[in-house]
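predicted model and sequence below, questions to follow.
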Amino acid sequence: MITIGLTTWADHPSLIENEDRKVTLTEYAGFFPVVEVDTSFYGIPKLTTVENWQKSVPEKFQFILKANQIMTLHDGVNADEYLNDEHRLAFTEFRKMVRPLVEAKQLKTILFQFPPYFNCETANIRYLWDIRELMGDLPISVEFRNQSWYDPAVQEETMLYLKKLRMSHVSVDEPSSVPNGVLLVSTVTNSHLAVLRLHGQNAEGWAQKGPNWRKTRTLYRYSEEELQSFAKLVKQMQEKSEEVCIIFNNNSGHDAAENALRLKEILNISFDELGPLQLGLF
């Protein structure tokens with residue numbers, strides 16, 4: 001199975017013919033069977049918020065939730081020091097929050113997107129193990145943003161370790177020529193779910209550290225040639241996992257939706273469980 005989605009649902013005007021308003025979750029769910037939610041990174045949503053999401057989508061629609069920034073050590077706490085009350089509470093509250101999604105089989109995975117300074121060292125390797133213990137049997141995907149995890153000397157062991165922890169390795173497309181970029185490594189570590197996140201190839205924007213870095217980093221529109229290449233890669237990954245989920249994050253210029261729908265067409269797939277608002281752009 002191949003599924004395709006976008007990061008967030010509101011900011012994709014092409015899905016509603018470029019109307020000057022935000023896209024609703026229900027409208028979004030007429031096009032894609034999964035969405036990545038990043039609000040959980042900044043603050044753990046309330047149960048009522050999650051329940052409202054569920055009321056807005058078809059029964060088989062699924063969510064990818066980004067782990068809270070405390071859980072991914074974006075607060076600057078060293079992995080050796082993380083198990084304080086605040087960190088334990090974040091894991092506990094997050095597990096409670098996703099419970100309705102788990103019960104309804106609407107949680108695809110929890111995305112642990114680690115900061116660039118989360119490198120391959122003993123404390124961080126142990127932290128991955130602790131995450132699995134703290135999250136129980138919940139599905140987890142890991143996105144590294146430090147190239148040390150892909151050093152030829154340790155890459156194979158990194159992937160075997162994720163496989164042992166029942167974590168999906170997130171393959172990413174992003175500029176690898178800049179210091180804070182990583183190579184696209186398509187290794188599949190979970191036979192149930194493989195994840196491919198597409199950030200775009202805007203190297204200049206990726207390296208920017210100014211106040212608008214979030215807007216410039218993903219300012220990129222994939223070409224037809226690039227999308228055809230991704231289609232081949234997805235089919236290769238599909239041989240090793242029951243599902244390959246592709247998430248487009250190249251949306252600073254509102255390109256993600258049209259790129260995603262074009263890849264869907266190239267792969268010749270359909271999403272049969274979409275809601276009544278399903279429309280076609282191609």
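Nice, thanks for sending it over. These numbers come from a predicted model, not from an experiment.

wait, Trp149 touches Asn124, no?
No: with contact defined as CB atoms under 8 Å, Trp149 does not reach Asn124; the gap is 9.0 Å. Where you see a C-beta, it was placed from the backbone N, CA and C, and this is true even at glycine.

and the two? which has more neighbours close in?
Trp149 (24 against 20; other CB atoms under 10 Å).

which residues touch the closest residue to Ala257 other than its chain neighbours?
Spatial nearest neighbour of Ala257, chain neighbours left out: His12 (4.1 Å); criterion: CB to CB, 6 or more residues apart in numbering. His12 is in contact with Leu6, Val23, Tyr28, Asn251, His254, Ala256, Ala257, counting by CB atoms under 8 Å, 6 or more residues apart in numbering.

helices of the stretch 51-200 of the chain, start to end?
Secondary structure of the stretch 51-200 of the chain (DSSP state H, counting those that start in this stretch): helices at 85-103, 122-135, 155-164.

quick one: the longest one to helix 122-135, angle?
To tie it back to what came earlier, the one meant is helix 85-103. 50 degrees (axes from the mean of the first three to the mean of the last three CA atoms, to 10 degrees).

other residues contacting helix 85-103?
Contacts for helix 85-103 (CB under 8 Å, 6+ apart): 40, 44-47, 50-51, 54, 63, 65, 67-68, 70-71, 77, 106-107, 110, 134-136, 138.

I'd like the next helix or strand past the helix or strand of the chain with the lowest mean pLDDT.
Lowest by mean pLDDT, DSSP states H and E among the helices and strands of the chain is helix 213-217, with a mean of 75. Downstream of helix 213-217, the next assigned helix or strand under DSSP states H and E is helix 224-238.

tell me what that following helix is packed against?
strand 194-198, strand 244-248, helix 256-267 (3 or more CB pairs under 8 Å, 6 or more residues apart in numbering; DSSP states H and E).

swap the cut-off to 6 Å and go again
Helices and strands touching helix 224-238, by 3 or more CB pairs under 6 Å, 6 or more residues apart in numbering; DSSP states H and E, are strand 244-248, helix 256-267.

work out the gap between that helix and the centre of the chain.
Taking CA atoms, centre = their mean, to the nearest Å, one finds helix 224-238 lying 18 Å from the centre of the chain it belongs to.

stretch 207-226 now?
The mean C-alpha position of stretch 207-226 is separated from the chain mean by 17 Å, CA atoms, centre = their mean.

where in this structure is pLDDT low?
78-83, 210, 213, 273-282 (pLDDT under 70).

Ser168 reaches Glu143, doesn't it?
No: the criterion here is CB atoms under 6 Å, and Ser168 misses it with Glu143 at 9.6 Å.

looking at these two, which one has more neighbours?
Shown here are Ser168 and Glu143; by other CB under 10 Å, Ser168 has more neighbours (26 against 19).

who does that one form a beta bridge with?
Following DSSP bridges, Ser168 is listed with bridge partners Ser141.

ok so, going back, identify the residues contacting the least confident helix or strand of the chain?
Gly205, Trp206, Gln208, Ser252 (CB atoms under 6 Å, 6 or more residues apart in numbering).

in that helix, what counts as buried?
Using 16 or more other CB atoms under 10 Å as the test for burial, helix 213-217 gives Thr216, Arg217.

got it, and stretch 106-117?
Using 16+ other CB under 10 Å as the test for burial, stretch 106-117 gives Gln106, Leu107, Lys108, Thr109, Ile110, Leu111, Phe112, Gln113, Phe114, Pro115.

buried residues, stretch 166-183. List them.
Neighbour-count burial for stretch 166-183 [16+ other CB under 10 Å]: 167-176, 180-182.

now for those: which two are most distant?
Met167 and Pro175 (24.8 Å; CB to CB).
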